[in-house]
Every structure is written in C-alpha cells, then in structure tokens.
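> please work out how this folds:
(chains A and B)
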Amino acid sequence: DVKVTQSSRYLVKRTGEKVFLECVQDMDHENMFWYRQDPGLGLRLIYFSYDVKMKEKGDIPEGYSVSREKKERFSLILESASTNQTSMYLCASSLHRGHQPQHFGDGTRLSIL
Amino acid sequence: AQKVTQAQTEISVVEKEDVTLDCVYETRDTTYYLFWYKQPPSGELVFLIRRNSFDEQNEISGRYSWNFQKSTSSFNFTITASQVVDSAVYFCALSEALVYAGNMLTFGGGTRLMVKP
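Residues are numbered from 1 along each chain as shown, chains lettered A, B, ... in the order given. Okay, here's the model as predicted:
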C-alpha cells in the first residue's frame, strides 16, 4: 500500500513565523502535491512537483513556497505565516503517467495565532 | 478553465436509505478523467473510483454505483442501503489530459453525508 506521511497532525504557530510542513511518500511516485482544504471550498492546489527540484504553481501559491530535494520528500513552506493561512493542509502523491489516482496523507491542521 | 460543482453541501439520511451525491463538471478538453474520493472523520482522502471520458458505462461496486453522463456533464454517485460508516465528506474531482501537468486535480466543494442510525 502507498503510504504518504505528513510530519504533524496538528500545528500551532504565530503570525510572522516561518513554517515548514513535511511530506514523505514511500512508493517512488514522480508527482507530489500540496493542497489546502477549507470548508465549502474543497481542496485547492497550492503547488505541485513532477520531479526532483521541479515545481509548478497551483491555483493559490501566494504566500507559500515548496522544496523537493529528494524524490520521496516534498516540503511546503510558509515564509511568514498569517492568520488567513489557518487551514487543513493535505499532501498527495501519484505516478506521473496515466492519470493515476492521487494518494493522500492524513493532513496537517495548522493554526496561525 | 475546468470546474467541478457539488451543489449539495450536506445531506442527512437514515440508515438503509439510498442516497445520490451529485457532481457536475465543466471542461473544454475532450479527454479527461473523473474521480470520487471519500474523506472520513480521520481526515485522509480515500480514492473510490476513476473514470475516463470515453467510458460512459455505469459502474457498480458493492453498495456503490456511479452514473456518468457526458450529455449533462455529470458523474453522480449513489450509495444503496446506506450505513453509518458511510458518513464522510465526498469529493468529486476532474483531471484534464494536459501532458505537462501530469494529473492535476480540480476538486468540487465536497458533500458532507451524515447517515443516522
């Protein structure tokens, strides 16, 4: 079974802090994704990566950056956290070809105070 | 641009009732894929089904069935004889066949299903 592991289930940070959310997958997937989930808005794509050191902006990249130095790890960075970034963050991975399903982690509920 | 609409934000049923979750999508692509995911209270999204735009056959898997109709751009999901364990948020999603984008998904807003005993 594919396992996507997010480093924290719950995280509380303060406004202005630099925040790192980590995601690791164990199935050698090329694609990795970061979403945020807000009530009524579904999941919105922040960034995705289709290879090491490659990244593409999603629908809502402002205020975020990402890093993919190794194939199995994809980090989401909030450069200077703000209260409107309080949300549930979900990481996912998938094979690159054939529109295979994405596999999701358990999510990180991030609160910015 | 692609869009997925799940007009039902919340549905409440009593156990053993049948329930249908609606999904309507918009895309200019002729080749695309549609997905349904389940998000139980634990939080992890669980993949349920993938359907490509060239296959309009309905699909049944146990108590779950899916009705894909290109004419109305809909991909509805029916749970027969619902159970309390079906309580979750269900998401419909669309992936267009853009080569560089891999398989980016556009999600609907989700439908929260509550099944009461």
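> residue numbers of chain A in contact with chain B?
Listed as neighbours of chain B in chain A under the rule CB under 8 Å from any CB of the partner chain: A:9, A:30-31, A:33, A:35, A:40-45, A:48, A:50, A:56, A:58, A:88, A:90, A:92, A:94, A:96, A:98-107. Backbone N, C-alpha and C define where each C-beta goes, glycine included.
> try 7 Å
Counting by CB under 7 Å from any CB of the partner chain, chain A comes close to chain B at A:31, A:40-43, A:45, A:48, A:50, A:90, A:94, A:96, A:99-102, A:104-107.
> quick one: low-confidence parts of chain A?
Chain A contains residues with pLDDT under 70 at A:1-2, A:98.
> these two touch, right, residue B:97 and residue B:29?
Yes: using CB atoms under 7 Å, residue B:97 and residue B:29 qualify as a contacting pair, with a distance of 5.9 Å.
> how close does the residue nearest the centre of chain A get to chain B?
Taking CA atoms, centre = their mean, the centroid of chain A lies closest to residue A:34, which sits 2.7 Å from it. Residue A:34 sits 12 Å away from chain B, going by CB to the nearest CB, to the nearest Å.
> dump the residue contacts of that residue.
By CB atoms under 7 Å, 6 or more residues apart in numbering or on different chains, the contact set of residue A:34 is A:46-47, A:66, A:74, A:76, A:89, A:91.
> show me where chain B dips below the pLDDT cut-off.
B:98-103.
> if I pick residue A:11, what's in contact with it?
With CB under 7 Å, 6+ apart, residue A:11 has these contacts: A:108, A:110.
> ranges for the strands of chain B?
B:3-5, B:10-14, B:19-21, B:24-26, B:32-39, B:46-52, B:59-61, B:64-69, B:74-79, B:88-96, B:106-107, B:111-116 (DSSP state E).
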